[in-house]
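*Asks:* here is a sequence together with a model predicted from it:
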Amino acid sequence: MTIKLNQNERLDELHRNGYYIIQNPGKFCFGMDAVLLSGYTKVKQGEKALDLGTGTGIIPILLEAKTQGKHFTGLEIQEESADMARRSVSYNHLEDKINIVTGDIKGASELFGAASFDVITTNPPYMTNSHGLINPEQPKAIARHEIFCSLEDIIRESARILKVNGRFYMVHRPFRLAEIMTTLVQYKLEPKRMKLVYPFIDKEPNMVLIEALKGGKSRITVEKPLIVYKEQGKYTDEIYDIYGY
């Protein structure tokens, strides 16, 4: 299938089901965090999943390839990214399985309705506006800093949208872990699983993967850590498996 690529866009292979994704390196490309989140998320047969802040649609496309979910939706506020996501969906012939919606996370529950999804995923901006320099390129700034929505906005809307016993999956940075856990519990999304991701076995973790259950009881399992590199430039076997290489 031929697909229109705009200026500076490229077509990247995802090593899953022969799927590809359209990206613009000058704007923002998906990172390892999105891939790890797709590997951590469980979408069961017949379930519907929503990805908040989907960017160019990487998580819905990977989840469609990896799970037995019935349908996947991506919500994205930047129309340029949403357009790339829609063209990627079309290129992979996934129009019946994936829908990309342009809209604001802060109004997601009004857009989709209460108790409308079984699973929510999100790879949100990690930094508040007080954390570091904000990138002058707006797409990168929006992806990295909480410009259009806050952590609380994401968790509040997820709690509204999820069905009872629905599952919430997020990748974030460990330095905000206390805030994440407090906010999840505040909105009755009970943390159930957590995995820390370490770049090397002797370094501090730089990512955390979390699963929370709407209306769940208080009990969390801290899983064995995920190590990214066994040596400089060489992934561990677990990372190769998640990527599908």
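*Replies:* Received the coordinates, thanks. Numbers count the residues shown, from 1 in each chain.

*Asks:* so where does Asn165 fall, helix or strand?
*Replies:* In the assignment (DSSP states H and E), Asn165 maps to strand 162-172.

*Asks:* other SSEs contacting that strand?
*Replies:* Secondary-structure packing of strand 162-172 (3 or more Cβ pairs under 8 Å, 6 or more residues apart in numbering; DSSP states H and E): helix 32-40, strand 117-122, helix 151-161, helix 177-186, strand 207-214. C-beta: built from backbone N, CA, C; applies to glycine.

*Asks:* sheet partners, orientation included, of it?
*Replies:* Using DSSP bridges, the strands paired with strand 162-172 are strand 117-122 (parallel), strand 207-214 (antiparallel).

*Asks:* what inclination does that strand have with respect to helix 177-186?
*Replies:* Relative orientation of strand 162-172 versus helix 177-186 (axes from the mean of the first three to the mean of the last three Cα atoms, to 10 degrees): 180 degrees.

*Asks:* ok, residues contacting strand 162-172?
*Replies:* By Cβ atoms under 8 Å, 6 or more residues apart in numbering, the surrounding residues in contact with strand 162-172 are 33-34, 36-37, 40-42, 115-124, 126, 151, 154-155, 158-159, 180, 184, 189, 207-216.

*Asks:* select only the buried ones of the residues you listed in ChimeraX?
*Replies:* Restricted to buried positions by 16 or more other Cβ atoms under 10 Å, the ChimeraX selection for the contacts of strand 162-172 reads:
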select :33,34,36,37,40,41,42,116,117,118,119,120,121,122,123,124,126,151,154,155,158,159,180,184,189,207,208,209,210,211,212,213,214,216
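
*Asks:* still on that earlier bit, okay if I get the helices and strands packed on strand 162-172 as CSV plus mean pLDDT and distance to Gln232?
*Replies:* Written out in CSV, the entries for the helices and strands packed on strand 162-172 read as follows (pLDDT from 0 to 100; distance: least, Cβ to Cβ, whole Å):
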stretch, mean pLDDT, distance to Gln232
helix 32-40, 97, 16
strand 117-122, 98, 30
helix 151-161, 97, 33
helix 177-186, 97, 27
strand 207-214, 98, 19
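
*Asks:* looking at the ones you listed, which is closest to Asn24?
*Replies:* helix 32-40 (15.7 Å; Cβ to Cβ).

*Asks:* now for that closest one, which elements pack on it?
*Replies:* Where contact means 3+ Cβ pairs under 8 Å, 6+ apart, helix 32-40 is packed against helix 58-66, strand 162-172, strand 207-214, helix 237-243.

*Asks:* Ile22 against Gly55, yeah?
*Replies:* No - with contact defined as Cβ atoms under 8 Å, Ile22 does not reach Gly55; the gap is 11.2 Å.

*Asks:* what sits closest to Met207 if chain neighbours are left out?
*Replies:* Ranked by Cβ to Cβ, 6 or more residues apart in numbering and with sequence neighbours excluded, the top spatial neighbour of Met207 is Val197, at 3.8 Å.

*Asks:* what about that neighbour, how many neighbours?
*Replies:* 20 (other Cβ atoms under 10 Å).

*Asks:* just the buried residues of the strand or helix carrying it, please?
*Replies:* Using DSSP H and E, Val197 maps to strand 189-198. Of all the residues in strand 189-198, those buried under the rule 16+ other Cβ under 10 Å are Leu189, Glu190, Pro191, Lys192, Arg193, Met194, Lys195, Leu196, Val197, Tyr198.
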